[in-house]
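Colleague: need a structure here:
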Amino acid sequence: MQNEQLYRLIARKLSKETTLSELQELHEYLKNSPSDQYAIEIIASYWDSKQSSGDISDDQTNEHFKHILAMADAKLPDVQLEVDGPIFNQAKITADTKIFWLKSIAIAASLLILIGLSWWMINLTKRSPDQSLVQQSEAIAQKGNRSKLTLPDGSVVLLNSDTKLKYPLEFSDSIREVYLDGEAYFDIKKEPGRPFIVHTSGMQIKVLGTTFNVKAYPADKVIETSLIHGSIEVTVMDRPNEKIILSPNEKLIIKNNKLSDLADPEKINPIKPAIAINQLIPDPRDSSISETQWVENRLVFRNESLAEVATRMERWYNVTIKIRDEELKATLLSGTFTNETIEMALDALAYTKSFRYVKNGDLVKIFK
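Modeller: Reported below is the predicted structural model:
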């Protein structure tokens, strides 16, 4: 029997939750392990002393366990013990018997710690909702979809496709924290004294009340945040002592070092992530900002490589795109799509950049 299973069975037995089959399994094991059996009896004695009365303090129960331990080293009381028939007294206790006691007590002490952890884990899974310290919820926007939700504090979040947001069902009195994997647009309710923090794979964003966009897909080469209104403080992973304050219409771009680290698992001192701050450039035709146009259900890209555009289209249309030619991957593209199908978008791009494609179900192959 594996140790983990043994600890689990003993923990369930002590909490009186074993099934008949579990009791039989434990009984069969203990028949062949007398030292473990004795150690478990010691544990049961200590456990019962703690559970039997709510008036007994921790100090008293600890003293009880010390008393049990002391029995291994102290002289046995002058009474007769009967073991399997023969009667013998204290004088007949051999050194081997004493060693057996010491080993059993040592096993008991070790098992008590491990069984206590097992018992805690078993009972943790049975806690009622009101016993949980923080109940978490997860909002998901699947590929090809976008969604909107209102957080417990009244802040509004829009999720782009292929995005997950984890947040508590109720924020604490001192802080509001969420965890983002993907892209989201935040309109945060201002609450002085209770900052709002967005955790991503590469940065942490702290705000009081503002409007901003965060794009942080773990698989992308860069992650970024664009500030529309207000002010945000950004802490970049691997640069914990540096705080970056963004002003409205600024975008922070961070190179995602995690991708290169995966290719070089032996790297001990990775280079700090490269960062840059750019100005958001409105479209002269309508003053719109490409970084947040997805909120208006528009897929917009400006001078992005076909490889980058393909990744965005995969999320937007819920397809898989394969580009066979390396030169094609580096081709720069610009475009805006609103209600176009994936075929209409590909036709338009293929016309301007002279490439061909084949679509078979959800798979698109692009080639020269």
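Colleague: In space, what's closest to residue 139 - neighbours in sequence excluded?
Modeller: Distance criterion CB to CB, 6 or more residues apart in numbering; nearest residue to residue 139, sequence neighbours excluded, is residue 165 at 4.7 Å. (Glycine included, C-beta is placed from N, CA and C.)
Colleague: any chance you could map the helices in this protein?
Modeller: 3-14, 20-31, 34-51, 58-70, 95-124, 257-263, 306-317, 326-329, 342-353 (DSSP state H).
Colleague: Could you double-check that the residue nearest to residue 139 lies in contact with residue 136?
Modeller: No - contact between residue 165 and residue 136 fails when scored by CB atoms under 8 Å: they sit 10.8 Å apart.
Colleague: Quickly note the distance from residue 220 to residue 346.
Modeller: Per CB to CB, to the nearest Å, residue 220 is found 21 Å from residue 346.
Colleague: Between these two, which has more neighbouring residues?
Modeller: The neighbour comparison of residue 220 against residue 346 (other CB atoms under 10 Å) goes to residue 346, with 22 against 18.
Colleague: What residues does the more buried one make contact with?
Modeller: Residues near residue 346 by CB atoms under 8 Å, 6 or more residues apart in numbering: 357, 359, 364, 366.
Colleague: May I ask which two of the residues you listed are separated the most?
Modeller: 359 and 366 (9.9 Å; CB to CB).
Colleague: of the two, who's got more company?
Modeller: Higher neighbour count among residue 359 and residue 366: residue 366, with 23 against 14, using other CB under 10 Å.
Colleague: And that one, how close does it get to residue 312?
Modeller: Distance from residue 366 to residue 312, by CB to CB: 14 Å.
Colleague: got it, and residue 203?
Modeller: Distance from residue 203 to residue 312, by CB to CB: 20 Å.
Colleague: Could you measure from residue 281 over to residue 225?
Modeller: 16 Å.
Colleague: do residue 241 as well
Modeller: The value you get for residue 241 to residue 225, if CB to CB is used, is 19 Å.
Colleague: more crowded one of the two?
Modeller: Taking neighbours as other CB under 10 Å, residue 241 and residue 225 compare with residue 225 leading, 24 against 5.
Colleague: Contact partners for the more buried one?
Modeller: Residues near residue 225 by CB under 8 Å, 6+ apart: 203, 205, 212-216, 232, 234, 246, 251-252.
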